[in-house]
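Novice: fold the following and give me the result.
(3 chains)
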Amino acid sequence: MILRMSLGFLSLVLLAALSWAVLSLPEKPAGLTAEALSKLPESGVTNPVTAVLLNYRGYDTLLEVGVLLLAIVGVWSLRRGDLPLGDLRDRPLLMSLLRVLLPVLVLAAGYLLWIGAFAPGGAFQGGALLGGALVLVLLGGLARSFIHRHRLLRLGLVLGVLVFAGVCAVTKGLTDGLLEYPAGSGGAWILVIESAAMISIGLTLGLLYFGGRPDPGQKELDEGSPRHHA
Amino acid sequence: MTSSWAIALLILAPLAAAALAFAFPKRGCRMALASAVIVTAALVVLARGVLAGGAQLHRVGGWGAPLGIDLRADGLAVLMLGITVLIASAVALYSRHFFSLEHDGEAPHRARYFWPLFLFLWAALNALFLSADIFNLYVTLELLGFAAVTLVALAGRREALNAAMRYLFVSLSASLFYLLGVALVYGQCATVDLTALGAKAQPGPALWVALTLMTGGLAAKAALFPLHFWLPPAHANAPAPVSALLSALVVKGSFYILLRLWFEAFPALLTPAVAQAFGALGAAAILWGSINALFQPRLKLLVAYSTVAQLGYLFLLFPLAGARDDGFLAWSGGLIFLGAHACAKTAMFLTAGNILHAAGHDRIRDLDGITHVLPISAFAFGLAGLSLVGLPPSGGFAGKWLLLSACLAQGQWWWVIVMLFGSLLAAAYVMRVLNHAFTHVPDPATPNPIPPVMEWTALVLAVLAVGLGLVAAWPVEVLRLGAPAILGGAGP
Amino acid sequence: MKGARATMPDHRIYLLAGAALFVIGFYSLLVQAHLLRRIMALNVMGSGVFLVFIALGALTPGAFPDPVPNAMVLTGIVVSVCATGLGLALADRLQTDADKVELEDGPETSRNTTDTKEESGG
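Specialist: As a prediction, the model looks like this:
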């Protein structure tokens, strides 16, 4: 247990160092609030966080959507998804609950997407709700055939990255600045990016919960297998 | 294509290609090759732009720091991007055949997932080398780490999975240390831009702790002794092309960020004590890695420990370049060494992959007569070893020569002893392999056939490693563009 | 330091809380052996870092908090979720294939001196 005690001691040293550092930060850190708020009218949205996320530091968000896609690609490469899909046919109460919840979730997700320009909300928040909806669908066994449509799933998953990259290229062409929206159209471009991203995020989160690559549908099995992929 | 389009394509092309390679798995290899072509073309344009006009800056979104993110291409970035293009293209050519060699049930699966993961790795590296924003660098580090871990796990064997899990833990915790450092920096300076930090950062407790945290995380990702423990199992158990990518490129990404942080963003904190500490850890890495390499039974483990050792040389750059008078000598020496190592190590891992497939194993003791079977690969290994040891005219020699000159110019003779020992040990472990390889065996066992492309890519890279020394003057000139001011005597 | 007066609590307590979470998470990562606990430890570490960011945003003077750290935390949360997903999938693979829920030490020395042709990946 000497190892544990020495690790514990080192952790306390680390905590002391961090506390010292944190307390020696300026008491009123300057931050970037002023800059962010002053440029807000040009950004195309009125919610400062969305402006930072999709405009000022939109490039970070591009890479982040890339990380999301990478995660699902990684999980698919590691495992077959084996979530036991439920069967609600003989559980009418839960089925009715799902019938009510699912449309509400989808509606709420869309609302969050729209309102993100003006108030807290946006693609990630809406995507999280969609992901939750997909988890409910999977658990309730309502998506038995959907989960095997590999091609459709893959296209949905890559939509976010491809649209975002596409918008980057298009804005580069229009204004010669990567992700520099032409004057006045920032809000529209942001909505385009966020809509595509929301679908991908929702699918990604739900499929991460599913835990791995679904079995390919019969159609793809018929098309694909004997050839090598190189 | 203008320079700013080149910068955009360098990042967007592999990223989009990765997405497409996942969406259309049968065309994964073609996506990779198309992306390689686009990236190479973009790099040529960017390099021309940097050589003509100095460092190229692109303010993403038109905002500019501190509110926006800046992408910057100076000489160092162009060099790193160039090394990446070279190694990644070679590995792509190699992998095209590598994954069709295996005939177990899981092989098509591996091939299918390799391409998107490979392209994500490449996108992450390009984004990393071009970024001038420390929070953006965090995101690129995570992108890079996830791609690397999943590529290691692609091998499927339990040792590979174990190594990948360990690598993931190290990578994630290291990233969080780095991120906490970023938070402290932001709290202190209200900016996360490298150039802005270079201008306004003043030493203080918060920045000292922040830099320690960030360095700790980055050193773990760069496998600096004593945080190197994750590297040998990960690099040894990954598929051969993945091992090459990891040793040649992925670990160098974190090292690159360390250079940017200490030489550009916080040069005032690079005191002689800190610099010597880096050097000491580098020296320990050289000795520990080389000695361990001597005793490894397996070829891939030997090569992996050799990476730990060679990375130690890179950290000698800190005490030698940070001493502030004519530091550019050591700066260029370390970076030439980095490039030569990337080529040589890739050649070695690709060779190991060839041997593993041809002979069915990579036990060094049982590699007698492998030259009969794989003459090109054995020759490639020998040439790569030449560069690793540091014999003229190789790039390894050029790098070590510059570092030694810097040692002598600054009177830090103790590093000379370390480098001498390092070279001797490297010679010992390289000879160990070549000894077995070139043993004459009366009737060699029949090998599994290897497509020639796989052998030739290894050889080309080894030749490049050796030939780099002959053309070293040119990369040195490129490095001058935008080199950090504290190196003294460096160009604008 | 503790905000005893009513008007404005000293948000710096959150900076310290974030630091404490970070250290607790890191200690657990080092000390715990079970893979699942280590993944959770990483999540706790991440939460600590995010708390520091948010507190920095709250400390800035003025009516609005600083939106930049908030956006950074959003990014961080997404990355953290991805990391957890990846970690869990990998841990489950290890459990299925190797029947282990802890990392093995010294994996390079023990087995794998008998690579056979069927072994994949080189």
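Novice: okay, the most centrally placed residue in chain B and chain C: tell me how far apart.
Specialist: The centre of chain B sits closest to B:Leu249, judged by CA atoms, centre = their mean, with a distance of 2.7 Å. Going from B:Leu249 to chain C by CB to the nearest CB, to the nearest Å gives 18 Å. Where you see a C-beta, it was placed from the backbone N, CA and C, and this is true even at glycine.
Novice: and if you look at A:Leu7?
Specialist: 5 Å.
Novice: low-confidence ranges in the chain?
Specialist: Going with chain A. Within chain A, the stretches with pLDDT under 70 are A:217-230.
Novice: chain C is the one I meant
Specialist: Flagging of chain C using pLDDT under 70 yields the residue ranges C:1-9, C:105-122.
Novice: most centrally placed residue in it?
Specialist: In chain C, the centroid-proximal residue (CA atoms, centre = their mean) is C:Leu42; its distance is 2.5 Å.
Novice: does it touch C:Leu29 like I think?
Specialist: Yes. Assessed by CB atoms under 8 Å, C:Leu42 is found in contact with C:Leu29 at 6.2 Å.
Novice: who's in contact with the residue in the stretch 151-300 of chain B that chain A sits nearest to?
Specialist: With CB to the nearest CB, the shortest gap between the stretch 151-300 of chain B and chain A falls at B:Val209, namely 3.5 Å. Residues in contact with B:Val209 (CB atoms under 8 Å, 6 or more residues apart in numbering or on different chains) are A:Ala17, A:Leu18, A:Trp20, A:Ala21, B:Gly181, B:Leu184.
Novice: quick check: what element follows the helix or strand where the fifth one lies along the chain?
Specialist: Assigning secondary structure by DSSP states H and E places B:Gly181 in helix B:158-189. Of the helices and strands lying after helix B:158-189 in sequence (DSSP H and E), the nearest is helix B:194-200.
Novice: using PDB, write down the CA coordinates of that next one.
Specialist: Extracted C-alpha coordinates of helix B:194-200, given in PDB (Å, rounded to 0.1, in the frame of the first residue of the first chain):
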ATOM      1  CA  LEU B 194       0.000  31.300 -29.700                       C
ATOM      2  CA  THR B 195       1.200  34.600 -31.200                       C
ATOM      3  CA  ALA B 196      -0.900  36.700 -28.800                       C
ATOM      4  CA  LEU B 197       0.400  34.600 -25.800                       C
ATOM      5  CA  GLY B 198       3.900  35.100 -27.000                       C
ATOM      6  CA  ALA B 199       3.400  38.800 -26.900                       C
ATOM      7  CA  LYS B 200       1.600  39.200 -23.600                       C
END
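Novice: give me the contact list for it.
Specialist: Under CB under 8 Å, 6+ apart, the answer for helix B:194-200 is B:65-66, B:70, B:72, B:132-134, B:185, B:189, B:191, B:260-261, B:264-267.
Novice: what's the answer for stretch A:65-73, then?
Specialist: A:157-158, A:160-161, A:164, A:197, A:200-201, A:204, A:207-208, B:15, B:18-19, B:22, B:113, B:116-117, B:120, B:123, B:139, B:142-143, B:146-147, B:150, C:78-79, C:81-83, C:85-86.
Novice: what about B:His103, how many neighbours?
Specialist: 11 (other CB atoms under 10 Å in any protein chain shown).
Novice: try the one 10 residues further on
Specialist: As a burial measure, the neighbour count of B:Tyr113 was computed by other CB under 10 Å and equals 26.
Novice: Three-state assignment for it, please.
Specialist: helix (DSSP: H, G, I helix; E, B strand; the rest coil).
Novice: could I get the contacting residues of residue 76?
Specialist: Answering for chain A, as no chain was given. A:Gly212, A:Arg213, B:Tyr113.
Novice: switch to chain C, that's the one I care about
Specialist: B:Leu179, C:Gly46, C:Val49, C:Phe50, C:Phe53.
Novice: how near is B:Arg432 to B:Ala406?
Specialist: 31 Å (CB to CB, to the nearest Å).
Novice: ok, back up a step: which single one of the contacts of A:Trp76 is nearest to A:Leu88?
Specialist: Among those, A:Gly212 lies closest to A:Leu88 (CB to CB), at 22.8 Å.
Novice: contacting residues for the closest one?
Specialist: Taking CB under 8 Å, 6+ apart, one finds A:Val75, A:Trp76, A:Leu78, A:Arg79, A:Arg80, A:Gly81, A:Asp82, C:Ala89 in contact with A:Gly212.
Novice: closest to chain B among the residues you listed?
Specialist: Nearest member of these to chain B, counting by CB to the nearest CB, is A:Leu78, at 6.1 Å.
Novice: neighbours of the closest one, just the number please.
Specialist: 26.
Novice: B:Thr150 is in contact with that one, correct?
Specialist: Yes. Between A:Leu78 and B:Thr150 there is a contact at 7.1 Å, judged by CB under 8 Å.
Novice: residues bridging contact with the two, i.e. touching both?
Specialist: Common neighbours of A:Leu78 and B:Thr150, counting by CB under 8 Å, 6+ apart, are C:Leu86.
Novice: return the entry from the contacts of C:Gly76 with the maximum number of neighbours.
Specialist: B:Leu179 (29 neighbours).
Novice: tell me which residues touch that one, please.
Specialist: B:Tyr138, C:Val49, C:Gly76.
Novice: for the second one, pull up the helix or strand it's in.
Specialist: Element membership for C:Val49, per DSSP H and E: helix C:35-59.
Novice: between the next helix or strand after that helix and helix B:158-189, how big is the angle?
Specialist: Per DSSP H and E, the first helix or strand lying C-terminal to helix C:35-59 is helix C:67-98. Computed by axes from the mean of the first three to the mean of the last three CA atoms, to 10 degrees, the angle separating helix C:67-98 from helix B:158-189 equals 170 degrees.
Novice: residues of helix C:67-98 that come out buried?
Specialist: For helix C:67-98, a neighbour-count test (16 or more other CB atoms under 10 Å in any protein chain shown) marks C:67-94, C:98 as buried.
Novice: flag every residue of the stretch 201-350 of chain B that's near chain A.
Specialist: B:Gly204, B:Pro205, B:Ala206, B:Trp208, B:Val209, B:Ala210, B:Thr212 (CB under 8 Å from any CB of the partner chain).
Novice: distance of the third one from C:Val52?
Specialist: Translated: B:Ala206. 11 Å.
Novice: ok, the two, which is more surrounded?
Specialist: It is C:Val52, of B:Ala206 and C:Val52, that has more neighbours when counted by other CB under 10 Å, with 30 against 21.
Novice: that one reaches B:Ala183, doesn't it?
Specialist: Yes. The pair C:Val52 / B:Ala183 is scored as a contact, 4.7 Å apart, by CB under 8 Å.
Novice: does chain A have contacts with the helix holding C:Val49?
Specialist: Yes. Using CB under 8 Å from any CB, helix C:35-59 reaches chain A at C:Val52, C:Leu56, C:Gly57, C:Leu59.
Novice: that helix vs helix B:158-189, what angle?
Specialist: Using the same axes, to 10 degrees: helix C:35-59 against helix B:158-189 is 10 degrees.
Novice: list the buried residues in helix C:35-59.
Specialist: In helix C:35-59, counting by 16+ other CB under 10 Å, buried: C:35, C:38-59.
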